[in-house]
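Enquirer: Sharing a model that was predicted from the sequence below.
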Amino acid sequence: MATGDFGSFARSVPAAALIVTADTGASHEGCLVGFATQASIHPPRLLVCLSVKNATLGAALDATHLGVHLIPAERPDLAELFGGQTGDDVDKFAACTWDVGPGGAPLLSECPMRCACRILKRYPFGDHVGFLLEPVATWIADPFEPLDIRDAGGIPPGHAP
């Protein structure tokens, strides 16, 4: 049996690139997310993980709802904006169109596949915090091809890793 680097294994797993957004009433934040999965079918649940160094985490800890967006394959610029810039320095929402969704979650118009989710629980996972989410409203586009997170892997993070 061969042993190796878990990071190499994890980078080989295909997954859609996601943008998660949050609003505290005073500000809105959003970031590119590489760690997310469906956690249950019945009842429907998502698990998204935010870096403890990301400006979006503070807003998400204060929020009741999050917006979860699949990035269209033809819009890597959105991955660059939300993954390569930090909300500490840049108002990412000034560079895109968005609306307020259920629970105040900012919803990006450029991402037609999205959902607004109520936060059920938060879990510390080391350098990330996991958010167990209940979808309360979902928008679907058909056909739709999501950007693969592996295609966003070359974006330098907006904050120090």
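Expert: Noted; the coordinates are in hand. Residues are numbered from 1 along each chain as shown.
Enquirer: show me where pLDDT drops low in this structure?
Expert: 1-4, 11, 153, 156-161 (pLDDT under 70).
Enquirer: just the strands in it please.
Expert: Assigned by DSSP state E, the chain shows strands spanning 18-23, 28-33, 36-40, 45-51, 65-70, 98-100, 106-108, 114-124, 128-139.
Enquirer: need those in a markdown table with mean neighbour count and distance to residue 155, can you?
Expert: No exception for glycine: its C-beta is placed from N, CA and C like everyone else's. Below are those laid out as a markdown table (neighbours: other C-beta atoms under 10 Å; distance: least, C-beta to C-beta, whole Å):
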| stretch | mean neighbour count | distance to residue 155 |
| --- | --- | --- |
| strand 18-23 | 28 | 12 |
| strand 28-33 | 26 | 7 |
| strand 36-40 | 13 | 16 |
| strand 45-51 | 21 | 14 |
| strand 65-70 | 25 | 16 |
| strand 98-100 | 14 | 20 |
| strand 106-108 | 23 | 17 |
| strand 114-124 | 18 | 20 |
| strand 128-139 | 17 | 17 |
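Enquirer: and residue 9, which of those strands is closest to it?
Expert: strand 36-40 (15.7 Å; C-beta to C-beta).
Enquirer: Can you give the strand pairings for that closest one, parallel or anti for each?
Expert: Next to strand 36-40 in the sheet, as set by DSSP bridges, lie strand 45-51 (antiparallel).
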